Every structure is written in structure tokens, then in C-alpha cells.
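S.K.: Next input, structure requested:
(2 chains)
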Amino acid sequence: MSEEQIKNLEKQFEERIARDEKIEPKDWMPEKYRKTHIRQMSQHAHSEIIGMLPEGNWITRAPSLRRKVALLAKVQDEAGHGLYLYSACETLGVSRDELYEQLHSGKAKYSSIFNYPTITWADMGAIGWLVDGAAIINQVPLCNTSYGPYARAMIRVCKEESFHQRQGFEIMMKLANGTPEQKDMAQDALNRWWWPSLMMLGPTDAESIHTEQSMKWKLKRKSNDDLRQQFIDQTVPQAELIGLTIPDPDLKWNEERQSYDFGEINWDEFWQVVKGHGPMNKERMKARVNAWEEGEWVRDAAMAYAEKKQARKQKQAI
Amino acid sequence: MSKNWPLWEIFVRSKNGLEHRHFGSLHAADAEMALENARDVYTRRNEGVSIWVVESKNITASNPEHNGELFEPAQDKVYRHPTFYDLPDEVKHM
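M.R.: Okay, the predicted model is just below:
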């Protein structure tokens, strides 16, 4: 194709998206669109898969059967969400193996929030309430994104995710209304997860390199700072309701803006964790790579068994 | 060794009376495992009463580049629609 033809196709492509038409796997698309989508969707899938680790850690130690079935179901949903997203990503012509390889080699990123440790039961509450809360704010606009398979996967994800946040908030509420020790535990979890949750919504708009293009492709509908403000405004009253204190001395209601002003975020910490120096980066990767490598014989055995069954069927047919 | 599990397309009937609809895809060693995995991946909340699995490589799809010759001819055949035909006002239902 000549350069002019490509320019022409690109123009038509952008117009289709502007008209809110969806792009499907076999449609022509600019290479950059394909690459950006593989990057974002796989990052998202990896986050779901790695995101199971900090919570999986607490399944066997959940304080009651009610809490245990809920946590188990939540972690299972995350596996499911990872799978929806990986298969949506594969429609762009990248194989599942390549995607895993990118995760395991550290080439692909996942949400850095999962590089923090989960040291008490209250962390299960804080993750559901804050981390899933922030994730929902990020994800809801994606249900309407331009790439069909991604939008369809996100609709399923969002439908399932709302119970995640409620189960987390319920844990926090129960602890906050419990003994003084339980309340302290809830407050301590909020103290540790508040700032990383705010960082989870991404660098400030001034620092965000992908925003403009992503807005055009509807991979993003609101800027990181807008999403963050939305998260803060919706979460602060929830904390007040259960008698917990947001760990930010600068937080205060701004009557004029009808929004909360908040303190400065420690972006050095964010970039440190992104670069692999968070408290749990190594541990998470190790657990993931081990699971993959130690499962290899199972995957091979399943394949060998399937082939044997197939061969037997064919022999009988002759 | 390491031979990758093939990809399967998953179709789910959400309730009797409705058709099977494409839900997504997944990897599995064979059809039986694809069914079992589809149950866990796509019907955790009673989304279905029946599942079909088809290995992705067995699906032949039309090419969007040929959409013109495939689908455009139908556009100028308005006489295939009831509104093309003139009826006197007295005929209320037809």
C-alpha cells in the first residue's frame, strides 16, 4: 500500500471511531492502534491474574465461612476477568504464550498496586473497597471503548465487579464497628492502601504520555486527574460513615468546586514501584512464574491425553 | 515438550427459547475440557443452560474488505420490505 492510501485508510478509521462505530478484529486498523490495544488489554489481563495473589494469600485464613466463600468467589472472578481479557487480546493476532512470556520476562507491566503486601485481614476489606473501587471508576468508561472485543469483555467485568467492592466495604464496616483492636486494624489498612489506591488511577495529566491518543480511540474517556477526583469525592463520605479517617491532613471540602481538595501524592514512590522496587514485586513474579512452570507437566499431560483419546476414536471409526 | 492448548469459541444459550450466542473464547486440550472450562469462565452466575464449543480454526469468517460486494447489493432492494408497497388507507392491517 502506498503512503497516501494508508493515510486515507487512517482518516476513514478515525472517522468511524468518531461516529461511535466499533472496530472488530478483522477490520483494517493502524498498526499503532493494534499495538496500543495489545499493550493496554494485556496489562489489564496481567493485573487481574497477579491481582489474585495478594488475596489468595488470605482465603485459608478468612475469619468465617461467609467471608471465605465471598473471597473465593472474588478471586475466581479475577481469574475469569483475566481470561476474558487475554482472549480479547488474542483477537489482535498475538498468542497467549507471547502474552505470558511478556509478563514473565517483566516486559509487560501490571497494576503496581499488587506489589504491596497484605499483612492483616483488614487488607482484604481495604482492597475490595478501595482498589476495586478505583478499578471500577477506571473500567466503567471502557465498556464503551472503540474495540469491540475489549468493550464486550469490559461489560462482563464491570457487571461482576460491583460485588467485589461491596464485600470489601462490608469487611471494613464490620471491623470499624468491632473491638478497639479491630477498628485499629481497619484504620491501619486504610492508612496503607489509601495513597497507593490514588496512584492506581495513573500519573497526573501533565505526566501521562498516552492520554491524547487514547482519548481519541475511546480507550480513555476521562483524564487520570478527573478519575482520581471522582474516586476521592465518592470515597471520603464512605469512610466517614464507618468512622474511619482518611490519612491525609490536607483533605478538605472545597465549597466552591463542590469537591475535595487533597494533599500531594508521593509520585517518587509510584515510579519506584512501577520500576520494580516495590515491597512485593519480586515475590509476585516468582509466584506467578512458579505456577506456570510447575504446571507445565499438567498442561502437557492434558494435551497428550486429548491426543490419545482422539487417536482411539479414529481407530474405532475405521 | 510443550504443545499449546488450542483455542475454542464458546457459545451459550442463556435460557430456553433463545439462541446460542457467542460469549468469548478460551484454551483447552480438547472439546470436553473446553466445555468444563467454559462453564467456569462464562457461566459462574447462571448465565446459561446450554454451551456449544467450536475449535476456532474450524470457523470460516467473511473478510470485511469484501463487505461491499457481499452486503451492499441488499441495500437497493427496497421491494423486499413491506413499506415498499402502496395500500389504500382503508386497509388497516396487512
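
S.K.: Strands of the stretch 201-318 of chain A, start to end?
M.R.: A:252-254, A:259-261 (DSSP state E, counting those that start in this stretch).

S.K.: by contact count, what packs against the first one?
M.R.: Strand A:252-254 sits against strand A:259-261, with contacts defined as 3 or more C-beta pairs under 8 Å, 6 or more residues apart in numbering or on different chains; DSSP states H and E. Heads up, the C-betas are built off the backbone N, CA and C, glycines and all.

S.K.: Tell me the strands beside the strand it packs on, with direction?
M.R.: strand A:252-254 (antiparallel) (DSSP bridges).

S.K.: Return the helix or strand in the chain with minimum mean pLDDT.
M.R.: The chain I'm using is chain A. Within chain A, no helix or strand scores below helix A:211-216, which has a mean of 84 by mean pLDDT, DSSP states H and E.

S.K.: How about residues contacting it?
M.R.: Under the contact criterion C-beta atoms under 8 Å, 6 or more residues apart in numbering or on different chains, helix A:211-216 has outside partners A:Glu14, A:Ile17, A:Lys32, A:Thr36, A:Gln40, A:Asp205, A:Lys220, A:Arg221, A:Ser223, A:Asn224.

S.K.: between those, which is nearest chain B?
M.R.: Of all those, A:Ile17 has the smallest distance to chain B: 15.1 Å, by C-beta to the nearest C-beta.

S.K.: How about the contacts made by the closest one?
M.R.: In this structure, A:Ile17 makes contact with A:Ile23, A:Ser146, A:Lys216, A:Trp217, A:Lys218, judged by C-beta under 8 Å, 6+ apart.

S.K.: ok, which pair from those residues is furthest apart?
M.R.: Comparing every pair within the contacts of A:Ile17 by C-beta to C-beta identifies A:Ile23 and A:Lys216 as the most remote, at 12.6 Å.

S.K.: The two: who's more crowded?
M.R.: A:Ile23 (24 against 14; other C-beta atoms under 10 Å in any protein chain shown).

S.K.: what sits against residue 59?
M.R.: No chain in the question, so chain A it is. A:Lys68, A:Leu71, A:Leu72, A:Val75.

S.K.: You answered for a different chain; I wanted chain B.
M.R.: B:Glu9.

S.K.: Quick check: it vs chain A, distance?
M.R.: 12 Å (C-beta to the nearest C-beta, to the nearest Å).

S.K.: for B:His66, same thing?
M.R.: 11 Å.

S.K.: Helix, strand, or coil at that residue?
M.R.: helix (DSSP: H, G, I helix; E, B strand; the rest coil).
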